[in-house]
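[1] only geometry, no sequence info:
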């Protein structure tokens with residue numbers, strides 16, 4: 001019983017925080033592009049890289065849940 005609860009908590013917390021981070025990154029990037037459209041070429045790669053790092057945290061939590 002504790003196996004499924006701990007794995008579920010790892011996935012829930014890891015996924016929730018990663019989703020929140022991705023949403024905030026996207027929101028701020030779109031806000032920055034809206035304020036300064038000429039900076040699109042500099043904002044987009046940084047946004048995608050930050051989103052990839054946030055998504056990696058969710059993948060790590062999935063791996064930890066399977067290993068638990």
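    That came through, no problem. Keep in mind that this is a model prediction, so the values were computed, not measured.
[2] C-alpha only now, for contacts and for neighbours.
    Noted.
[3] and the helices in this structure, which stretches?
    Shown for the chain, the helices assigned by DSSP state H span residues 2-35, 40-67.
[4] in the shortest one, what counts as buried?
    Within helix 40-67, the residues that qualify as buried are 43, 47, 50, 51, 54, 55, 57, 58, 59, 61, 62, 65, counting by 16 or more other C-alpha atoms under 10 Å.
[5] show me the contacts for the closest residue to the first one other than its chain neighbours.
    Put plainly, it is residue 43. In space, residue 43 comes closest to residue 29 once its chain neighbours are excluded; the distance is 6.7 Å by C-alpha to C-alpha, 6 or more residues apart in numbering. Applying C-alpha atoms under 8 Å, 6 or more residues apart in numbering to residue 29 gives the contacts 43, 44, 47.
[6] any chance of these in a markdown table, with pLDDT too?
    Output for the contacts of residue 29, formatted as a markdown table (pLDDT from 0 to 100):
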| residue | pLDDT |
| --- | --- |
| 43 | 96 |
| 44 | 95 |
| 47 | 96 |
